[in-house]
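J.: give me coordinates for this.
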Amino acid sequence: MVYDAIVIGAGMSGLAAALRLALHEKRVLVLEKHELWGGLNSFYTLRGRPFDVGLHALTNFVRPGTPQAKGAPLMRLLRALRIRHEELRLIEQDVSEIVFPGARLAFANDFALLESEVARLFPSQRDGFARLTQLMRAYQLNEERPPPPSARALLERHLSEPLLREMLLLPVLLYGSAREDDTDEQTFAILFRALFLEGLSRPAGGIRTILNLLIRRLKQAGVELRLSAGVQRVLVADGRVRGVVLESAEELAAPLVLSCAGRVETLALAGRPSAPADEGRLSFLESIWILDRPAHALGHRAATSFYSLEERCIYRRPAGLIDARTGVLSSGDNFGAARGPEGELRLTVPASHPAWRALTPEAYAAAKERCADEVAAAVVEAGVTADFRARRVFRDVFTPATIERFTGHRGGAVYGSPTKQLDGATGLDGLVLIGTDQGYLGVVGAMLSGVAMANRHGLAAHAAREALSG
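T.: All right, here's what the predicted structure looks like:
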């Protein structure tokens, strides 16, 4: 069987890339090694309750018809995939917050709230924050050259107050940095806009609302999706991709292979080992608490709380199993009309993949419960949220080992390799990175990555070859 393109991985970027190509009459095959699509943003049901994997909130929210919608990433994505905004069934956040010792910054989908909060807590920083904001609005993404390496340096040029710098950096790190304790300017700009200048929402029904929409559109467009179809290797001859070999030993031919498996993992499939510095180090422990009442009934009203228990945020692989001093507390029922009779709190903190993998099965099970309790105690004792622990009716916990098992990402690296490839190139003609390791971030960013790389390496490249042959 010969295809125009094969996509490795049915994550957000893979599904979007496949749909974009199929909408332009390309014959596309999507290969997923697991039994379900979604990758890092999938879903499951446990004891009769539906859960999302990884989704706290959707960034890049804009309302159609507003000035902010013109040229916004979400609107560009919807146009490219021929999806209507209302089909996503997005519910906006009420309010979110950044919590540090002695300081809380509230923000919402109206940027004026964050501006007023900065002026209230840091009046001497108003002008510097305004200049930073103007720069972020005008920041031009560039796929042709690497961006300046340090967001901390960028913040220091505009803001003299260390605490404000840390507070603005923390959400960016937690929602997309593959580097420890810092990120590059472009990643910061992407996420500053996605979080603050645009906003947060959740699809009614969770991530499966978007995934099921994509799957329906893929079927309508004629895309072939194979589940439980892991790729053993990428076929390469004379520096050019020829197709893939499945774990079943079946060979499939295509001149273009787009992979959302990750940089290190993709190059390994092509027989190209990566440098140790290319391997991601950042993974997380996440505990999902189902409560007997909504979180706002306990006094917790933030949709998302980014918190640090230290004045300088700590974002690195911990020496032990976890580090509860930095994390995200997300409440799915604090997104407007999403409220129901029960409450949900999702706690996410940095965790060490090597430490978790070193545990015996018996120690592993006990450590999951112990660490989930430790994180909950830390956020309650620090005043990040009211005490919710006695209201628990159910809890599920997953670790870096869980992430590695279900995504195939080495080390459970949620944000992939610290080495990003903005043009998607791998050094092999026809093998293209999409998703996290291409460099776009979040659910919307991952899908845009698939669209952008499909355009660049599939549609534009095909048109150029046709022009030359004609």
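J.: correct me, but Met136 touches Ile190?
T.: No - under the criterion of Cβ atoms under 8 Å, Met136 makes no contact with Ile190, lying 9.5 Å away. (Glycine included, C-beta is placed from N, CA and C.)
J.: of the two, who's got more company?
T.: Ile190 (26 against 18; other Cβ atoms under 10 Å).
J.: domains in the protein, as residue ranges please.
T.: 5-56+206-278+419-469, 94-198, 281-407 (automatic domain parsing).
J.: Phe111: how many residues sit nearby?
T.: 16.
J.: just the one 4 residues further on next, same as before
T.: Glu115 is flanked by 16 other residues according to other Cβ under 10 Å.
J.: now swap in the one 10 residues further on and tell me
T.: Gln125 has 19 neighbouring residues, counting by other Cβ under 10 Å.
J.: for Gly430, same thing?
T.: 22.
J.: so what's it closest to, chain neighbours aside?
T.: Among residues not flanking Gly430 along the chain, Val241 sits closest, at 3.5 Å (Cβ to Cβ, 6 or more residues apart in numbering).
J.: which residues sit in contact with the one you found?
T.: Val234, Leu235, Ala254, Pro255, Leu256, Val257, Ala270, Leu428, Asp429, Gly430, Leu431 (Cβ atoms under 8 Å, 6 or more residues apart in numbering).
J.: coming back round to it: among the domains of the chain, which is nearest Glu87?
T.: Closest to Glu87 of the domains of the chain, according to Cβ to Cβ: domain 5-56+206-278+419-469, at 5.8 Å.
J.: now the residue nearest to Gly430, what's its secondary structure?
T.: strand (DSSP: H, G, I helix; E, B strand; the rest coil).
J.: so it versus Leu235, what's the distance?
T.: 7 Å (Cβ to Cβ, to the nearest Å).
J.: list the residues that contact Leu174.
T.: Neighbours of Leu174 in contact, by Cβ under 8 Å, 6+ apart: Phe306, Tyr315, Thr326, Gly327, Val328, Thr348.
J.: so what strands line up beside whichever strand or helix holds the fifth one?
T.: What it means is Val328. In the assignment (DSSP states H and E), Val328 maps to strand 326-331. Sheet pairing of strand 326-331 (DSSP bridges) gives strand 304-308 (antiparallel), strand 343-351 (antiparallel).
J.: just the element for the spatially closest residue to Lys219 that is not a sequence neighbour, please.
T.: Of all residues beyond its chain neighbours, the one nearest Lys219 is Leu225 (7.8 Å), with distances taken as Cβ to Cβ, 6+ apart. Using DSSP H and E, Leu225 maps to strand 224-226.
J.: what is the rounded mean pLDDT of that strand?
T.: For strand 224-226, mean pLDDT is 98.
J.: may I see the buried residues of whichever helix or strand comes after that strand?
T.: Note on strand 224-226: by DSSP H and E, the next helix or strand toward the C-terminus is strand 231-237. Across strand 231-237, burial judged by 16 or more other Cβ atoms under 10 Å covers Val231, Val234, Leu235, Val236.
J.: and stretch 205-215, by the same measure?
T.: For stretch 205-215, by 16+ other Cβ under 10 Å, it's Gly206, Ile207, Arg208, Thr209, Ile210, Leu211, Leu213, Leu214, Ile215.
J.: now do stretch 35-42
T.: Buried residues in stretch 35-42 (16+ other Cβ under 10 Å): Leu36, Trp37, Gly38, Gly39, Leu40, Asn41, Ser42.
J.: surely the last one and Val53 touch.
T.: Yes - between Ser42 and Val53 a contact is recorded at 4.4 Å, counting by Cβ under 8 Å.
J.: what's the overlap in contacts for those two?
T.: By Cβ under 8 Å, 6+ apart, the residues touching both Ser42 and Val53 are Ile207, Phe406.
J.: pick the most deeply packed of the strands paired with strand 326-331.
T.: Highest mean neighbour count among these (mean count of other Cβ atoms under 10 Å): strand 304-308, with a mean of 26.
J.: contacting residues around it?
T.: Here strand 304-308 has contacts from 56-57, 93, 96-101, 166, 170-171, 174, 200, 314, 325-331, 379, 382, 384-385, using Cβ under 8 Å, 6+ apart.
J.: narrow these to those in helices?
T.: Counting by DSSP state H, the part of the contacts of strand 304-308 found in helices is Glu166, Leu170, Pro171, Leu174, Val379.
J.: just give me the closest of those residues to Asp278.
T.: Nearest member of these to Asp278, counting by Cβ to Cβ, is Leu174, at 21.9 Å.
J.: how close does the closest one sit to Gln421?
T.: 23 Å.
J.: swap in Arg152?
T.: Arg152 is 23 Å from Gln421, by Cβ to Cβ.
J.: out of these two, which sits in the busier spot?
T.: A direct count of neighbours by other Cβ under 10 Å for Arg152 and Gln421 places Gln421 higher, at 18 against 14.
J.: surely the more buried one is in a strand?
T.: No - counting by three-state DSSP, Gln421 is not found in a strand; it is coil.
J.: pull the number of nearby residues for the closest residue in space to Phe306 that isn't next to it in sequence.
T.: Distance criterion Cβ to Cβ, 6+ apart; nearest residue to Phe306, sequence neighbours excluded, is Pro171 at 4.4 Å. For Pro171, the number of neighbouring residues by other Cβ under 10 Å comes to 24.
J.: please apply the same query to Gly102.
T.: So Gly102, with other Cβ under 10 Å, has 8 neighbours.
J.: what about it, distance to Met167?
T.: Gly102 is 11 Å from Met167, by Cβ to Cβ.
J.: from the buried residues of strand 231-237, which is closest to Asp437?
T.: Val234 (15.2 Å).
J.: who does that closest one bridge with?
T.: In beta-bridge terms (that is, DSSP bridges), Val234 pairs with Val244.
J.: for it, list the residues it contacts.
T.: Contacts of Val234 by Cβ under 8 Å, 6+ apart are Val241, Gly243, Val244, Val245, Val257, Ser259, Thr266, Leu269, Ala270, Gly271, Leu428, Leu431.
J.: cool, thanks, signing off.
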